[in-house]
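Trainee: Here is the input, now give the coordinates:
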Amino acid sequence: MDSKIIYYILSYLLGSIPFALIVSLPQGKDPRKEGSKNPGATNVARLLGKKWGIVTFIGDAGKGLLALYCVKIFSSQGFMENPQLYAGVAFFAVTGHLFSVFLKFQGGKGVATTIGTFLVLTPKAMLGSLLFFFPLVYFSGFVSLGSIIAMLSLPILIYIFKYPVEYFYCAAVLSVLIIYKHKENIKRLLKGEEKTWKKNTL
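Mentor: Numbering: from 1, shown residues only. Modelled structure (predicted):
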């Protein structure tokens, strides 16, 4: 089997690890059934408090980062030397979170794992996207709105900073998937029914 395919499979499996459940279930909470019913950091924060939300975020971001560095070690190629390989690793790590094999191909919304991977691959672009995220969340109170705008801005900033085109296409496709995962949030935002972090949602 081609080593690249092995890397992609392992990246998907690593991305599929549901940290929200690992954190929540031992404490008697199931984020798939409570709160927003999303197995992600924001819902964990809603159910268990900000500390556990941060722990979940670190786990979800870290699995994307770990996938990239594991492949880098075994392939002995830098992130700019073989962008096609690493764009694939990032894509499968994030889609593992979005459609986890351990959760019957359900999953979270992918923002934390995307942040973890693209902070490694395109740090200037990802940091630029976070400059949209934090003010939007702070002033509007909506984590979902900040996430959507940050993901929309990511491929644009990757293009502006002239990172490899493979990273642009990867980010563009993931942005579409992540925004699709936020479809219920978008409906609630339009109806004025979305909850804010100021009401203990992180």
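Trainee: Quick one: mean pLDDT over stretch 8-25.
Mentor: Here stretch 8-25 scores 97 as its mean pLDDT.
Trainee: Just the endpoints, please. Distance across it?
Mentor: 28 Å (CA to CA, to the nearest Å).
Trainee: where does the closest residue to residue 19 other than its chain neighbours sit relative to residue 177, distance-wise?
Mentor: Computed as CB to CB, 6 or more residues apart in numbering, the closest residue to residue 19 that is not its neighbour in sequence is residue 59, at 3.3 Å. Backbone N, C-alpha and C define where each C-beta goes, glycine included. Using CB to CB, to the nearest Å, residue 59 is found at 20 Å from residue 177.
Trainee: Same check on residue 154?
Mentor: Residue 154 is 12 Å from residue 177, by CB to CB.
Trainee: neighbour count winner among those two?
Mentor: residue 154 (28 against 18; other CB atoms under 10 Å).
Trainee: Give the buried residues for stretch 66-73.
Mentor: Across stretch 66-73, burial judged by 16 or more other CB atoms under 10 Å covers 66-68, 71-72.
Trainee: Report the contact partners of residue 102.
Mentor: Applying CB atoms under 8 Å, 6 or more residues apart in numbering, we find residue 102 in contact with 16-18.
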